[in-house]
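Asker: need the 3D shape of this:
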Amino acid sequence: MQFIKDNLRIILVIAVTIFAFKGLVLIDRTSTEPNYDKLKQQLVYSKPNFHVFTKLKLGLDLIGGSQFEFQARTTPQVPVITPDVMRGLVKVFENRVNASGTTEAVVQQVGKNRILVEVPGADPAAVKRRLLKTANLEFKELKSGTDEEQLWVGTGITGADLKRASVSTDGVGSWAIDFELKPQAAKAFGDLTSRLINKPLGISLDGNIISSPNVRSAITAGSGQITGNFTVEEAQDLAVQLNAGALPVPVKILQERSIGATLGQESIEKSFTAGLWGFLAVMLFMILVYRLPGLVAAVSLSIYVLLAFYVYQDNVTLTLAGLAGFILSIGMAVDANILIFERTKEEMSQGKSVFIGLRDGFDRAYTSIFDSNMNTSMVCLILIIFGTGIVKGFAITLLIGVLLSLVSSLFITKTLIFTIVKTFNIKETALFR
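Answerer: Alright, predicted model coming up:
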């Protein structure tokens, strides 16, 4: 226990580094050819029986994707396309594409009654299938009918009353939709099924009865299952559509096109290779100029890059502009370390010991580092608030990088260098000058 207390900072740095690495990098040793979901993973390195993936999300300019332009259409119930109708349509589209794991999709209104949807890396057919269906769900009651003609009447319980929907299977290839109703609708559904025992309950989707099971007992828990000979894709799409809500009005496709990556896979690999060599050159420079502190800075910067990419994978879609912001933040992280080491050299040149010189160097460099990073952060916040598109993406990646560079220089570098000095009892100031 005392060991953990004395070494808590270095244990924390090691634990966070391992956690970030395992969360960011996936390694597959089981297949000769890489097999992965291109919507959710990127291939970083590949050779037979050894493939390295990451969950980083890349933008249209890096991996390409699909672009659609939709037009809202009027109906007898909605004779005019109002701004409220368009806002509802945009919201449903966003929920549908984001539920598929493509959180980097762009959905925006264009003009009075059109919507532009851009989905990086997606299968166009899957996007259309998920977006176009109106998905008006309604539970209906059979009033009268024959084998040739049946009259189904709405009960007032619709897809808007669903709390959630999910896909389920019986394990032998039959797929269904499990659903749960909101509390008020659950009570009405219980009353309805109590009245329809041994009678059919119609489940209508976009006006068509897809299933009409006989009610065996009252369903008072507010949950049930929709069956209808679904394939797995149909079941998944329907669950997404029901959770996202029905389209307020039907839409038609005005334009559809696939967007190729601006750079292409070969150019991306070359860019990453160039970035790696540049990073190694920076680390070599730090080691040659600052010796032991330079080596520590190299390790600290490596951890910084790992942490930055880990944060990016869940919060940022990396585009060319975003990568530029990240590279700029690396430069700021290097600058912070240089300020610390130069200040430390000045302190030690006045005859101070290694420990005191390091302590004073960090303390006196802190103000300059903090002020510089806060000024940059303020500019980033202004760009995020008032900027759009590429400018906003650049600002977000730069802001995350700046904040992490503060952690890297003032916590990780400090922890590593003081741990080394303490562990090896280093007293020679020549290693720091």
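Asker: which residues does E118 bridge with?
Answerer: Q67, V106 (DSSP bridges).
Asker: residues in contact with it?
Answerer: Applying C-beta atoms under 8 Å, 6 or more residues apart in numbering to E118 gives the contacts 60, 65-68, 105-106, 259. Placement of C-beta: from N, CA and C, glycine included.
Asker: make a PyMOL selection of the buried ones in the residues you listed.
Answerer: Here is the PyMOL command that selects the buried residues among these (16 or more other C-beta atoms under 10 Å):
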select buried, resi 60+65+66+67+68+105+106
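Asker: of the contacts of E118, which is the nearest to N113?
Answerer: Distance to N113 across these (C-beta to C-beta) is lowest for F68, with 14.8 Å.
Asker: what's the nearest residue to that closest one if we skip its chain neighbours?
Answerer: Nearest residue to F68, sequence neighbours excluded (C-beta to C-beta, 6 or more residues apart in numbering): V117, at 4.7 Å.
Asker: what is the burial count for the one you found?
Answerer: V117 has 23 neighbouring residues, counting by other C-beta atoms under 10 Å.
Asker: per-residue pLDDT, it?
Answerer: According to the predicted model, the pLDDT of V117 comes to 86.
Asker: need the contact list for it.
Answerer: 67-70, 93, 97, 105-107, 127, 131.
Asker: ok, which stretches of the stretch 301-433 of the chain are helices?
Answerer: In the stretch 301-433 of the chain, the helices defined using DSSP state H, counting those that start in this stretch lie at 320-349, 354-386, 389-407, 413-424.
Asker: how about TSV for these, with mean neighbour count added?
Answerer: Output for the helices of the stretch 301-433 of the chain, formatted as TSV (neighbours: other C-beta atoms under 10 Å):
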stretch	mean neighbour count
helix 320-349	20
helix 354-386	16
helix 389-407	21
helix 413-424	18
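Asker: wait, which of the ones you listed is closest to K252?
Answerer: That would be helix 389-407 among the helices of the stretch 301-433 of the chain, by C-beta to C-beta, at 26.4 Å.
Asker: determine the set of other helices and strands touching that closest one.
Answerer: Secondary-structure packing of helix 389-407 (3 or more C-beta pairs under 8 Å, 6 or more residues apart in numbering; DSSP states H and E): helix 292-315, helix 320-349, helix 354-386.
Asker: thought T419 was touching L8?
Answerer: No: with contact defined as C-beta atoms under 8 Å, T419 does not reach L8; the gap is 11.0 Å.
Asker: between the two, which contacts overlap?
Answerer: Shared contacts of T419 and L8 (C-beta under 8 Å, 6+ apart): none.
Asker: contacting residues around the closest residue to L142 other than its chain neighbours?
Answerer: For L142, ignoring the flanking residues on the chain, the nearest one in space by C-beta to C-beta, 6+ apart is P200 at 5.2 Å. Neighbouring residues of P200 by C-beta under 8 Å, 6+ apart: 142, 212-215.
Asker: in ChimeraX, select just the buried ones from those.
Answerer: The buried subset of these, as determined by 16+ other C-beta under 10 Å, is captured in ChimeraX by this line:
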select :142,212,215
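Asker: which one of the contacts of P200 is nearest F230?
Answerer: P213 (14.3 Å).
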